[in-house]
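Student: sharing a sequence plus its predicted fold:
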Amino acid sequence: MLAVLAPRFEIVDEAKAPARSVAWKGEFLVLLFALLVFLPSLIAPPHLMDDEDAARAQISRNMLQSGDWITPRLNNIRYFEKPPLMYWMVAASMAVFGDNETAARIPTCLCAIFLCWLVARMARESLGEEAGLYAGLTLATCAGLWLFTRILIPDVALTLAVTVALRGFFRQSRIAWPAVASAILLKGLIALVFTLGPIIVYLLITGLWRRRKLPIGGIALAIAIAAPWYIAATLCNPPFFDFAMRSTPGVYRGFFWYHLFNEQILRFMGRRYPHDFSNIPIHWFWLLHLAWLFPWSVFLFRSSPRSRLRTFALCWIGVVIGFLAFVPTQEYYSMPAYPAIAILIGGAMSKALRPIRVIGAFAAFAFLALVAALWISRGIPAPGDIAQALTRHDSSYTISLGHMGDLTVQSLAYLRIPLALAAVAALLGAVGAFALRGHRAVLAVAVMMVLFFQAARVALIAFDPYLGSYPIAKALNEAPPGGLIVDDPYYEFSSLMYFSNRTALILNGRANNLEYGSYAPDAPHMFIGDAEFLARWSSSDRWYLASEDEKKDHLRTLAGAASLHPVVTAGGKTLYTNR
């Protein structure tokens, strides 16, 4: 292995790189495709979804409206799960562009676009113009980056910060350390593994560590940027210091313990409480990268030209994915390795494009499958919304594609337009991959992916009532004033709270990431049981209750069918009022 990584380099210097005008054209193409892929995500519908998507937008709005930029809060409960930089970015966007979901999505969109350009630039600087173009297109049009930027999670911003930091270390630029600090403020201590780990391994393997001095100034700068928020959050949310290596339900230990021990240490030991996600099996974690980098993953089995950047990219991938292989993880946690993988793929494509026909074969098969799906769906009625044609698999929803198992033959009737668009995209990709050569074949496949992503976006519009609560919120905003109760944990209706911009009492839902903050001594009373619900529901005050339709029988038994007056039903959820 060390022999493969040893520094016998075929170096492409910037001095030997193509003329600036030629380089500019390649980077322009990457930017163009990135804009085509990610800018449509700013348009609603589809609206912000339930769970993390709307919850993070609401936390950001709360910061903007309250003026408290230190302590994140959700439903008036302290929320210490993640550092604040993502919330700050979204709140700043709302301050500039208005309090709306488009503004909430702008930071994620811009981070994705800039990341694609930066990877193209990084590959071009060391591997040449073609490698830069192909690396940028790989990242801009791969399935994973598009899929994992559909929701407001900080991972694409983290990936950008990691890439800026590692490029800075590779080129010995001072920007590396502010980027490290930004990564820490996005994801916590794991950012140190993703930013410092690859460069340390690279310096050890190449022997370059002998020429580097300990960057005292850079380390001090990173601490000066990242530490103030951690200090302020600790002081604002006592107890100040608790070093317990265990999670105890019902015990509040302040910010310091929860954020450092529960979220950083115990999480990666698999002992975090509450346990809020499923750990994907290690073999699937590895194999799914073929899907996340699709369609360009067919080039993963081709070698990239020997260079220092190739060695650095291998160290980068090895540290990120190697570390995640030994800790509880989700599919998208490996996103910070995508730029390095894209660089290797871009280098391999610059040597030979023959595997492009494999992509063409996949596209041809997809075209036939999509046509078959359209044929099967003919004549099937599509009344109401898609929720009534889906099946539920609640245990699967903690993984990224968990809702794919909800699809049925009947649900295809609601997806005819996106299926047709996807079929056109697959046909164009298949014809282009086989009929064209060189850059043109690559661009044809990239166009296929752009069209496919737009078809997927149209499909998300059909899923909108099912994955979110926008129709429920719209009806609530138009109804007479009253209190709100949610018959579920907060995340099941987080977009209801976002679009109505209100808090809610949670019925039998003291769980997930709101549970810990609810035990703070000054936490408001936001969680109720059946007895308190009945007292409020039978009072003279107007109350609204949002609940999933599968709980209808239980609610009728609890409160009586005569007291449940439906206001609106959408996406398998109903809003009731007591009068």
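Tutor: Structure's in. What do you need?

Student: for the rest of this, base every contact and every neighbour count on C-alpha atoms.
Tutor: OK.

Student: surely Ser303 is in a strand?
Tutor: No: Ser303 is assigned coil when assessed by DSSP: H, G, I helix; E, B strand; the rest coil, not a strand.

Student: touching, it and Ala348? I think so.
Tutor: Yes: look at Ser303 against Ala348 with CA atoms under 8 Å: they come within range, at 5.4 Å.

Student: please identify which of the two sits among more neighbours.
Tutor: For Ser303 versus Ala348, neighbours defined as other CA atoms under 10 Å are more numerous around Ala348 (21 against 15).

Student: now that one, nearest residue through space, not along the chain?
Tutor: When the adjacent residues along the chain are set aside, Ala348 lies closest to Ser304, with 4.2 Å between them (CA to CA, 6 or more residues apart in numbering).

Student: again with Ala459
Tutor: The shortest distance from Ala459 to any residue other than its chain neighbours is 5.5 Å, reached at Pro418 (CA to CA, 6+ apart).

Student: Leu115 versus that neighbour, what's the distance?
Tutor: Applying CA to CA, to the nearest Å, the value for Pro418 to Leu115 is 28 Å.

Student: likewise for Ile280?
Tutor: As defined by CA to CA, Ile280 lies at a distance of 26 Å from Leu115.

Student: which of those two has more neighbours?
Tutor: Legend: neighbour count by other CA under 10 Å for Ile280 and Leu115, higher for Leu115 (25 against 15).

Student: the more buried one: helix or strand, and which one exactly?
Tutor: With the criterion set as DSSP states H and E, the secondary-structure element containing Leu115 is helix 101-127.

Student: next: Ala546.
Tutor: Assigned by DSSP H and E, Ala546 belongs to strand 543-548.

Student: over to Ala473?
Tutor: Per DSSP H and E, the secondary structure element for Ala473 is helix 470-478.

Student: tell me what the helix or strand that that helix is followed by is packed against?
Tutor: Using DSSP H and E, the helix or strand that directly follows helix 470-478 along the chain is strand 483-486. For strand 483-486, the elements it packs on are strand 505-507, strand 543-548, judged by 3 or more CA pairs under 8 Å, 6 or more residues apart in numbering; DSSP states H and E.

Student: quick one: mean pLDDT for the shortest one?
Tutor: Taken as a whole, strand 505-507 has an average pLDDT of 97.

Student: next: stretch 434-442.
Tutor: Averaged across stretch 434-442, pLDDT comes to 95.

Student: where does pLDDT dip in the stretch 151-300 of the chain?
Tutor: Scanning the stretch 151-300 of the chain for pLDDT under 70 picks out 276-278.

Student: which residues in it form helices?
Tutor: Defined through DSSP state H, counting those that start in this stretch, the helices belonging to the stretch 151-300 of the chain, from first to last, are 155-170, 176-187, 190-206, 216-236, 254-256, 267-268, 282-287, 289-292.

Student: what is the second one packed up against?
Tutor: Spelled out, that is helix 176-187. For helix 176-187, the packing partners by 3+ CA pairs under 8 Å, 6+ apart come out as helix 85-97, helix 155-170, helix 190-206, helix 216-236.

Student: mean neighbour count, these: which tops it?
Tutor: With neighbours defined by mean count of other CA atoms under 10 Å, none of the helices and strands packed on helix 176-187 is more surrounded on average than helix 155-170, at a mean of 24.

Student: could you check the angle helix 85-97 makes with it?
Tutor: 110 degrees (axes from the mean of the first three to the mean of the last three CA atoms, to 10 degrees).

Student: what sits up against helix 155-170?
Tutor: The set of residues that contact helix 155-170 without belonging to it, under CA atoms under 8 Å, 6 or more residues apart in numbering, is 86, 108, 111-112, 114-115, 119, 122, 145, 148-149, 173-180, 182-183, 186-187, 191, 194-195, 198-199, 332-333, 335-337, 339.

Student: averaged pLDDT, stretch 35-50. What do you get?
Tutor: Stretch 35-50 shows a mean pLDDT of 96.

Student: how about it: buried residues?
Tutor: The neighbour-count check on stretch 35-50 (16 or more other CA atoms under 10 Å) flags Leu35, Leu36, Val37, Phe38, Leu39, Ser41, Leu42, Pro46, His47, Leu48, Met49, Asp50 as buried.

Student: make a markdown table out of these and add distance to Arg211 and secondary structure.
Tutor: Formatted as a markdown table, the buried residues of stretch 35-50 follow (distance: CA to CA, whole Å; DSSP: H, G, I helix; E, B strand; the rest coil):
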| residue | distance to Arg211 | secondary structure |
| --- | --- | --- |
| Leu35 | 41 | helix |
| Leu36 | 43 | helix |
| Val37 | 42 | helix |
| Phe38 | 41 | helix |
| Leu39 | 44 | helix |
| Ser41 | 46 | helix |
| Leu42 | 46 | helix |
| Pro46 | 52 | coil |
| His47 | 52 | coil |
| Leu48 | 50 | coil |
| Met49 | 50 | coil |
| Asp50 | 51 | coil |
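
Student: buried ones in stretch 370-383, by neighbour count?
Tutor: Of all the residues in stretch 370-383, those buried under the rule 16+ other CA under 10 Å are Leu370, Val371, Ala373, Leu374, Ser377, Ala382.

Student: now the second one, nearest residue through space, not along the chain?
Tutor: Setting aside the residues directly before and after it, Val371 is nearest to Ala423 in space (CA to CA, 6+ apart), at 6.7 Å.

Student: check the gap between the one you found and Ile376 for me.
Tutor: 14 Å.

Student: who are the packing partners of the longest helix seen in the chain?
Tutor: Across the chain, the longest stretch assigned as helix under DSSP state H is helix 439-467. Under the contact criterion of 3+ CA pairs under 8 Å, 6+ apart, the helices and strands touching helix 439-467 comprise helix 20-38, helix 129-141, helix 356-377, helix 416-435.

Student: from the buried residues of stretch 370-383, pick the one nearest Leu137.
Tutor: The shortest separation between Leu137 and any of the buried residues of stretch 370-383 is 24.9 Å, and it belongs to Leu370 (by CA to CA).

Student: OK, contacts around that closest one?
Tutor: The contact partners of Leu370, taken as CA under 8 Å, 6+ apart, are Leu419, Ala420, Ala422, Ala423.

Student: follow-up on the earlier one: now the helices and strands packed on strand 483-486 as CSV including distance to Tyr134?
Tutor: Written out in CSV, the entries for those read as follows (distance: least, CA to CA, whole Å):
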stretch, distance to Tyr134
strand 505-507, 49
strand 543-548, 46
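
Student: now render those as JSON lines, adding mean neighbour count and distance to Gly483.
Tutor: Conversion of the helices and strands packed on strand 483-486 to JSON lines gives the following (neighbours: other CA atoms under 10 Å; distance: least, CA to CA, whole Å):
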{"stretch": "strand 505-507", "mean neighbour count": "23", "distance to Gly483": "8"}
{"stretch": "strand 543-548", "mean neighbour count": "23", "distance to Gly483": "5"}
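
Student: tell me which of those strands sits nearest to Leu127.
Tutor: Distances from Leu127 to each of these were compared using CA to CA; the minimum, 53.9 Å, belongs to strand 543-548.

Student: and the angle from the longest helix of the chain to helix 470-478?
Tutor: Between helix 439-467 and helix 470-478, the angle comes out at 50 degrees (the same axes, to 10 degrees).

Student: most neighbours among the contacts of Leu370, which one is it?
Tutor: Note: the member of the contacts of Leu370 with the most neighbours is Ala423, at 26 neighbours, neighbours being other CA under 10 Å.

Student: cross-check the contact I'm expecting between that residue and Phe367.
Tutor: Yes: assessed by CA under 8 Å, Ala423 is found in contact with Phe367 at 5.0 Å.

Student: and for Leu147, the neighbour number?
Tutor: By the other CA under 10 Å criterion, the neighbourhood of Leu147 contains 15 residues.

Student: how near is it to Ala462?
Tutor: For Leu147, the distance to Ala462 equals 17 Å [CA to CA].
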